[in-house]
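Novice: attaching a predicted model along with its sequence, questions to come.
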Amino acid sequence: MGLPSYATGGAAGADLRANFVDRGEIALAPGARALVPTGLRLAIPEGWEVQIRPRSGLALKHGITLPNSPGTIDSDYRGPLGVIVMNAGSEPFVIAHGDRIAQMVAAPVVQAGFDLVETLPETARGAGGFGSTGVR
Ligand SMILES: O=c1ccn([C@H]2C[C@H](O)[C@@H](COP(=O)(O)OP(=O)(O)OP(=O)(O)O)O2)c(=O)[nH]1
C-alpha cells in the first residue's frame with residue numbers, strides 16, 4: 001500500500017490511517033491501549049495546533065476511543081504522529097495497516113499568559129460546576 005489518502009473538500013477533519021506495513025496487525029483486547037503509528041510528520045505554522053479526535057463510527061460500533069482526546073500536536077513537533085487508541089468496548093478489536101482510525105483538525109491557538117492572583121472577579125455561577133445545574 002502506498003501513501004494513505006486524506007479527506008479533503010467539505011470535511012472538517014482529515015482521516016488518519018494506521019501505517020505499519022511491516023508489523024501485521026494490532027489486536028486490542030477490551031480495555032487495552034496501543035500507540036498506532038501513522039507515518040505522518042507535520043510542519044504546523046506557529047499559532048496553530050492539530051487535534052487528533054476519535055471517529056464516531058468506531059466509538060459507537062466498537063467502543064474505540066482516544067484516552068487523550070483531543071490529542072494535541074504542537075506546532076514545533078516534528079516527530080511522527082501517533083494515535084493512542086483504547087478499546088472501551090467488550091470485544092477484541094483488530095487494527096490493520098491502512099485502516100482509518102482517527103481524524104485530525106487544525107485549530108488556531110490563542111497564546112495566553114496566565115497571571116497568579118489571590119482573588120478572582122465574582123460571577124453568578126461562582127464555584128458551581130460538575131453538574132451543579134442538574135440534568136433537567
Ligand atoms: O495523540 C497524540 C498526542 C501527542 N503526540 C505528539 C505530538 C505532540 O506535540 C507531542 C507531545 O504531546 P503532549 O504535549 O500531549 O505530550 P506530553 O505527555 O505533555 O509530552 P511532552 O513532554 O513531550 O510535551 O506528542 C502525538 O503524536 N499524538
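Specialist: Arrived safely.
Novice: what segments of this structure are strands?
Specialist: Secondary structure of the chain (DSSP state E): strands located at 14-17, 25-28, 33-37, 48-53, 64-65, 71-73, 82-87, 93-96, 100-108.
Novice: what's the closest of these to residue 131?
Specialist: Smallest distance to residue 131 across these (C-beta to C-beta): 21.5 Å, for strand 64-65. For every residue, glycine as well, the C-beta is placed using N, CA and C.
Novice: identify the bridge partners of the residue of the chain found nearest the ligand.
Specialist: Scanning the chain for the residue nearest the ligand gives residue 71, at 2.4 Å (criterion: C-beta to the nearest ligand atom). Using DSSP bridges, the beta-bridge partners of residue 71 come out as residue 52.
Novice: residue numbers of the chain in contact with the ligand?
Specialist: Counting by C-beta under 6 Å from any ligand atom, the chain comes close to the ligand at 52, 68, 71, 72, 73, 74, 77, 81, 82, 84.
Novice: in PyMOL, select just the buried ones from the residues you listed.
Specialist: Selecting only the buried entries of the residues of the chain next to the ligand in PyMOL, with 16 or more other C-beta atoms under 10 Å as the criterion:
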select buried, resi 52+71+73+81+82+84
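Novice: closest one to residue 31 out of the residues of the chain next to the ligand, please.
Specialist: So of those, ranked by how close each gets to residue 31 (C-beta to C-beta), first place is residue 84, at 14.0 Å.
Novice: picking up where we left off before, now render the strands of the chain as TSV, adding mean pLDDT.
Specialist: What follows is the strands of the chain, written out as TSV (pLDDT from 0 to 100):
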stretch	mean pLDDT
strand 14-17	96
strand 25-28	96
strand 33-37	97
strand 48-53	98
strand 64-65	98
strand 71-73	98
strand 82-87	98
strand 93-96	97
strand 100-108	97
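Novice: so for residue 125, which of the ones you listed sits nearest?
Specialist: Minimum separation from residue 125 across the strands of the chain (C-beta to C-beta) falls at strand 100-108, 25.8 Å.
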